[in-house]
Structure formats: structure tokens, C-alpha cells
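Chemist: Just a sequence and a predicted model for now, questions to come.
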Amino acid sequence: MLKRVLKILGIIAIVLIVSFLSIRYYAYNVGKRDIQSEEPDFSVSSAAIVTEFSSNATASNKKYLEKPVSVSGIVTSINDKEVILDNSVNCNFSNASKTLKKDQKVTVKGRVVGYDDLLGEVRLDQCNLSK
């Protein structure tokens, strides 16, 4: 009887460990896409996308979340790999861009990862300058 209980507990432990490792692998590796090779689903200005999110965040999340977009605006802040357009779109670049300058009009391509309603910012990651 004791051997049977230990065997069942051993099988349960193995299943839990394999499940944990599978979920961890999925969480760290599946979300990485090459956004730069994809065509943008939307091309918008920074003011337009922020207005959409601030007026109806739920509908905007369904429309934009996890999709590649091109956003145009004026650079208001540069901090290493983080660039902010029109004080409202936060773009996290994969590599720091040496060519960007404050008050420069640019178009950035990246993946929408969310909206921060407290700061009123749309957040993009995997950003690069569009040509």
C-alpha cells in the first residue's frame, strides 16, 4: 500500500515539474516575434492612438494589442533605449538609436503592449525607426 502511494506521488511530482518547465519555456520564448519583418497593421499619429485608448481602452486593446503599428510623432524625450513621442507614446527600442534627436519628427514601428491610463501613455516595444 505504501509503495503504491509513493508511486502515485512520484508521478504527480513529475507531471508538476514538466508542466512548470513547459509553462516557463512558453512564457519566455513564444512572445518574441520579429516585428520589423512584419507589415504594420495600422499607421497612426501619436495623438490619434492616445485619443482612441483614452476614450475606450477596452476596444482599443482589442484593436491594437500585440499588433505591429507605425506611429508618427515628434520626439520629446530620449533616454538610452526609451523614446517618447509627443509626451504620450513610450517606445522601447531593441537597440539604442544614435540618430534620434529631440524635436525630430519620426515614424516608429513597434508592437503595442498596452496603455497606462495613469500616465496617459501608449506603450510600444521592439521599436525601430521606419524608413
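Modeler: Done, it's in. Remember, predicted model here, so these are calculated numbers, not experimental data. Residues are numbered from 1 along each chain as shown.

Chemist: partner residues bridging Val112?
Modeler: Assessed by DSSP bridges, Val112 has beta-bridge partners Leu124.

Chemist: how about stretch 35-45: buried residues?
Modeler: Buried residues in stretch 35-45, defined by neighbour count with 16 or more other C-beta atoms under 10 Å: 35, 40, 44-45. Every C-beta, even on glycine, is put in place using the N, C-alpha and C of the backbone.

Chemist: can I get those in TSV with secondary structure?
Modeler: Converted to TSV, the buried residues of stretch 35-45 look like this (DSSP: H, G, I helix; E, B strand; the rest coil):
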residue	secondary structure
Ile35	helix
Pro40	coil
Val44	strand
Ser45	strand
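
Chemist: so which of the residues you listed comes closest to Ser70?
Modeler: Pro40 (4.3 Å; C-beta to C-beta).

Chemist: for the residue lying closest to that closest one once chain neighbours are set aside, phi and psi?
Modeler: The shortest distance from Pro40 to any non-neighbouring residue, by C-beta to C-beta, 6 or more residues apart in numbering, is to Ser70 (4.3 Å). With angles defined as degrees, to the nearest 10, Ser70 sits at phi -110, psi 120.

Chemist: My guess is Ser70 contacts Glu38. True?
Modeler: No: here Ser70 lies out of contact with Glu38, judged by C-beta atoms under 8 Å, at a distance of 11.0 Å.
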